[in-house]
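Engineer: got a structure for you, letters missing:
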Ligand code: T3D
């Protein structure tokens, strides 16, 4: 079986690399299967306290493999466009957002279609200066998926989201960072060094609190202020019950660095 997702363990970080470089890491069913298994393994392993996702070669991910779709539609056969969304793309977004640990995305090159929105579903996105983001869907008669129509207006506002989705033009990484679509751009040569350092830093932080912060971020857009205040209370109750909170307070008072265990 081809290794379509390379899995490396760097201390408490699980580094996952999409590995179909000759097709810019476009998604096939096999790639989906391997990525889902790798994410589930990272989620279940208490020793993993951060995930780093990137792509092999010159692209990050070009979305759905269109060759596979051409085959499926050969001879005028009907194609169920919602089927793959239900089976693979929606569960992928849910896996990332429900992961009880931070997910860093290192966008090493072009991120198109579902590949662009895969990056946006991660918690912190770093991109190489040469990378670009492309809502390619309308170019081929499709609509944004993989959470794009949710993430884009929230990240960059309706005006920019509309132009991105309706025109399908590529946004260079630096512009994406200026717009707030992603966190930071770094030189290509240092992308993986920076991304690994960032993931390692996150892995040394109080993992349970970080997971609660993810929940709060995701809830904030749909909540009223009162609902969010209540959620902050409930999340703080959980965070304050962790050993990491005790350690954080002790370390502060003892004027030393905290050693969080993620529990
Ligand atoms: O059906 C469903 O399941 C619904 C869900 C859909 C989700 C989606 O993601 S829909 C959007 C699908 N993706 C695209 O439309 C993007 C297609 N790719 C491109 O537009 C361009 O490749 C890029 C702008 C991303 C990069 O352009 P460029 O010039 O840097 O590279 P290239 O030469 O086009 O691509 C290099 C190779 O990768 C090439 O293969 P070859 O000719 O050398 O053998 C190209 O065909 C292949 N490739 C790139 N993207 C895909 C792909 N092969 C299959 N599927 C792709 N999506």
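Structural biologist: Ah, there it is. Here the structure is a predicted model, which is why all the values come from computation and not from measurement.

Engineer: can you pull the contacts of the residue lying closest to residue 198 once chain neighbours are set aside?
Structural biologist: Spatially, and ignoring its direct neighbours in sequence, residue 198 is nearest to residue 104 (5.6 Å; Cβ to Cβ, 6 or more residues apart in numbering). For the C-beta atoms, the positions are set from N, CA and C on the backbone; glycine is no exception. By Cβ atoms under 8 Å, 6 or more residues apart in numbering, residue 104 lies in contact with 50-53, 122-126, 195, 198-199, 202.

Engineer: Kindly reformat those as a markdown table containing pLDDT, neighbour count and secondary structure.
Structural biologist: As requested, the contacts of residue 104 are exported to a markdown table (pLDDT from 0 to 100; neighbours: other Cβ atoms under 10 Å; DSSP: H, G, I helix; E, B strand; the rest coil):
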| residue | pLDDT | neighbour count | secondary structure |
| --- | --- | --- | --- |
| 50 | 98 | 29 | strand |
| 51 | 98 | 25 | strand |
| 52 | 99 | 28 | strand |
| 53 | 99 | 29 | strand |
| 122 | 98 | 22 | coil |
| 123 | 98 | 20 | coil |
| 124 | 98 | 18 | strand |
| 125 | 98 | 27 | strand |
| 126 | 98 | 28 | strand |
| 195 | 98 | 27 | helix |
| 198 | 98 | 21 | helix |
| 199 | 98 | 27 | helix |
| 202 | 98 | 22 | helix |
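
Engineer: Please identify the helix or strand for the residue nearest to residue 198.
Structural biologist: According to DSSP states H and E, residue 104 maps onto strand 103-107.

Engineer: do residue 233 as well
Structural biologist: Going by DSSP H and E, residue 233 is in helix 225-240.

Engineer: which element follows that helix toward the C-terminus?
Structural biologist: Later in the chain than helix 225-240, the nearest helix or strand by DSSP H and E is helix 243-253.
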